[in-house]
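> just a sequence and a predicted model for now, questions to come.
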Amino acid sequence: MAKIISVHSYRGGTGKSNTVSNLAAILAQKGFRVAVVDTDIQSPGVHVLFGFGQDSVQASLNDYLWGKIEVNDAVYDISYLLTSGPGGGLFLLPSSIKTSDIARVLREGYDVNRLNDGYRRVINDFRLDYLIIDTHPGLNEETLLSITISDVLLLLLRPDQQDYQGTAVTVDVARKLQVEKLLITVNKAPEVFDFDELKAKVEAAYDAPVAGIIPHSDALMVLASSGLFVLQYPDHPVTRTLERIAEAVIA
């Protein structure tokens, strides 16, 4: 049975889309069929990591939510990006990056229940093992839906006091919604930190396991979202950490 993984952060700028896209690539290269859904409709961006420009997204999640198309018409097969391993399948359901569409979402909103129906349709029709949701930061109706239906909630935070406080709110909400599996990942951690000490601190603060601590990386910054880091730097410490996070997610 397919599992739904929501990757969420209370604040923006945590590296959520990078984490989502690279985890998806790792799982697909292990032989799983994986789809990424960009539900950060107000500020979409995960498509860039998969090589999509503004003109590449002809049909989007927005079109489905507004009843213009069937959801499968907005799903792109990007399995050609995979470089090694048995290879499963990799798919993307992007949000629109058109200014007019973003403005319409802000002005009119959309039917959140239709979003849930779309998830199920994509899972069934593309025979998925994993559906990974890149959520909108903070807490809103869409985020609460994603958390509620998730088998795994992966919370991303930076070692920053604002992130610590915001994540505490999200953890409390997730527990009230009875999320089956809650994992924490610390991103952009300076290498001067003692990672074992940081892990213990975070786990004690939230009473939840830390799946991994991703170190700050100049190589990741230089790549600047122009591709999938784990495919271009397969032996990098960041990649090894993401592989451990993937194992924790599917365990």
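Thanks, I have it.
> going forward, measure contacts and count neighbours with C-alpha atoms only.
OK.
> tell me where this protein has strands.
Counting by DSSP state E, the chain has strands at residues 3-8, 33-38, 76-77, 89-93, 130-134, 152-157, 182-189, 210-215.
> could I get the ones you listed as a markdown table with mean pLDDT, mean neighbour count and distance to Lys16?
A markdown table is the format used below for those (pLDDT from 0 to 100; neighbours: other CA atoms under 10 Å; distance: least, CA to CA, whole Å):
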| stretch | mean pLDDT | mean neighbour count | distance to Lys16 |
| --- | --- | --- | --- |
| strand 3-8 | 96 | 24 | 7 |
| strand 33-38 | 97 | 26 | 11 |
| strand 76-77 | 97 | 16 | 20 |
| strand 89-93 | 97 | 25 | 16 |
| strand 130-134 | 97 | 25 | 7 |
| strand 152-157 | 98 | 24 | 7 |
| strand 182-189 | 98 | 21 | 9 |
| strand 210-215 | 98 | 23 | 12 |
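> ok, which of those comes nearest Glu197?
Glu197 sits nearest to strand 210-215 of all those, at 11.0 Å, using CA to CA.
> returning to that earlier point: nearest to Ala248, out of the strands of the chain?
Of all the strands of the chain, strand 210-215 sits nearest to Ala248, with 6.0 Å by CA to CA.
> relative to the whole chain's centre, how far out is the closest one?
Centre-to-centre, strand 210-215 and its host chain are 15 Å apart (CA atoms, centre = their mean, to the nearest Å).
> ok, which of the strands of the chain comes nearest Val249?
The nearest among these, by CA to CA, is strand 152-157 at 7.0 Å.
> for the closest one, which strands pair with it and how are they oriented?
Neighbouring strands of strand 152-157 in its sheet, by DSSP bridges, are strand 3-8 (parallel), strand 182-189 (parallel).
> now do the biggest helix by length in the chain: everything it contacts.
Secondary structure of the chain read by DSSP state H shows that its longest helix is helix 161-176. Residues outside helix 161-176 that contact it (CA atoms under 8 Å, 6 or more residues apart in numbering) are 9-11, 139, 147-148, 155, 157-158, 182, 206.
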